[in-house]
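>>> okay, predicted coordinates and the sequence, questions at the end:
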Amino acid sequence: MATRCRYWTGLLLATLSLALTPGLATAALPRAASLTLCADQYLLGLAAPDQIVAVSADARDPRQSLFAAEAAAYPAHRGSSEELIALRAEVVLTDRWMPLQTAARLDRLGVRVVSIPLPNTWDDIASATRSIAAALGRPEQGELRVAEMQARLAALAVKNAQRHGPEPLAAYFLPDGASAGSGTFIDTVLQAAGTRNQATELGLRGWGGLDLERLVDVRPDLLVLGFFDQGGESRRMAFARHPVFRRLLAQRPVIAVPDRYWSCSGWFLAEAATYIAAHLPADPDPLPTGADIGKP
């Protein structure tokens, strides 16, 4: 009888302990933090809320971060290894821009550093998403995000198939005049949105520049701009202020994609493609001749 009593007493205490332990569902998940804006997107989009201990300062900026509202619930750190150790982080997400000495210090202290790649195709994005979700102990969330992405892409494929006429020629630019050709995630997004990438058709592979002289010779149907809303008077914005470029902006439909949709390469790029597709002109007007582009 005494043995049976001790059994039921122990079972009752264990049950009460389970019921009163907060966050038990995520107790086995590693405590995780992110070091960069790109890492913030992966952490906030894949991790369980209870396992997140900190995000970068950029995570709360609604212009740059797709998960700015979610980020407001967590402390922001300055990126030092000391802070992350004090937060008892067990997994830290980062990318190629993380200082090597910080990564090495964390590794020596037993913190797992997971570097996010820069995948350029939808298949590679799906693979990276699954891999990082697994590192966070959340493979099911990785599958959910991949399914989200694939559903958006399927919807875009249907929409593109229903479009009349040839795919419009899109010229993509950053504020410094840089563009992106084949083999980049920008090219992947532009194709999914139902456009042809001007840089790719001009033979550009990877990231590079399209100078103003070449702008005069080509006739894009529309311009797709990335990160122009940062503004300012820095040298980085010099191309955006050039009079020839400003006249081209006035003569062509412009799609300025919000920074938060493609702060880096991830499943959320399907939202960038959806945004572009939703803003495509129905029937672009003929562009003036190349010589006319350079005239007021």
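Arrived safely. Numbers count the residues shown, from 1 in each chain.
>>> show me where pLDDT drops low in this protein?
1-27, 97-99, 211-212, 214-216, 230-236, 283-296 (pLDDT under 70).
>>> show me the strands in it, by range?
32-34, 52-56, 76-77, 91-94, 112-115, 169-173, 178-180, 196-197, 207-209, 222-226, 254-257 (DSSP state E).
>>> so which of those strands is the most surrounded?
strand 32-34 (a mean of 30; mean count of other Cβ atoms under 10 Å). For the C-beta atoms, the positions are set from N, CA and C on the backbone; glycine is no exception.
>>> what's next to that one, contact-wise?
If you take Cβ atoms under 8 Å, 6 or more residues apart in numbering as the criterion, strand 32-34 is touched by 40, 42-44, 47, 51-56, 59, 77, 84, 87, 89-94, 136.
>>> kindly report the same for stretch 202-215.
With Cβ under 8 Å, 6+ apart, stretch 202-215 has contacts from 171, 173, 177-184, 198-199, 218, 242, 244-245, 248, 293.
>>> whichever of the residues you listed end up buried, select them in ChimeraX.
Buried residues among the contacts of stretch 202-215 (16 or more other Cβ atoms under 10 Å), as a ChimeraX selection:
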select :171,173,177,178,179,180,181,182,184,198,199,218,245,248,293
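>>> just the ones of the contacts of stretch 202-215 in helices?
Cross-referencing those against helices under DSSP state H gives 198, 199, 244, 245, 248, 293.
>>> can I get those residues in JSON lines with distance to residue 109?
Putting these into JSON lines (distance: Cβ to Cβ, whole Å) gives the following:
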{"residue": "198", "distance to residue 109": "48"}
{"residue": "199", "distance to residue 109": "43"}
{"residue": "244", "distance to residue 109": "53"}
{"residue": "245", "distance to residue 109": "49"}
{"residue": "248", "distance to residue 109": "52"}
{"residue": "293", "distance to residue 109": "57"}
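>>> tell me the one of these nearest residue 228?
For the ones in helices among the contacts of stretch 202-215, the closest approach to residue 228 (Cβ to Cβ) belongs to residue 245, at 10.8 Å.
>>> isn't the closest one up against residue 238?
No. Applying Cβ atoms under 8 Å as the test, residue 245 and residue 238 come out as separate, 9.9 Å apart.
>>> save the strands of the chain as a markdown table, and put in distance to residue 126 too.
As requested, these are exported to a markdown table (distance: least, Cβ to Cβ, whole Å):
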| stretch | distance to residue 126 |
| --- | --- |
| strand 32-34 | 20 |
| strand 52-56 | 23 |
| strand 76-77 | 29 |
| strand 91-94 | 18 |
| strand 112-115 | 17 |
| strand 169-173 | 23 |
| strand 178-180 | 21 |
| strand 196-197 | 21 |
| strand 207-209 | 23 |
| strand 222-226 | 23 |
| strand 254-257 | 21 |
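>>> now for those, which one comes closest to residue 67?
Here strand 52-56 is closest among the strands of the chain (Cβ to Cβ), at 8.7 Å.
>>> quick one, what contacts residue 187?
By Cβ under 8 Å, 6+ apart, residue 187 lies in contact with 120, 180, 181, 197, 199, 200.
>>> from those, which two are the most distant?
Within those (distances taken as Cβ to Cβ), the two that end up farthest apart are 120 and 199, at 13.9 Å.
>>> burial count for residue 201?
14 (other Cβ atoms under 10 Å).
>>> from residue 76, how far off is it?
Using Cβ to Cβ, to the nearest Å, one gets 42 Å for the distance from residue 201 to residue 76.
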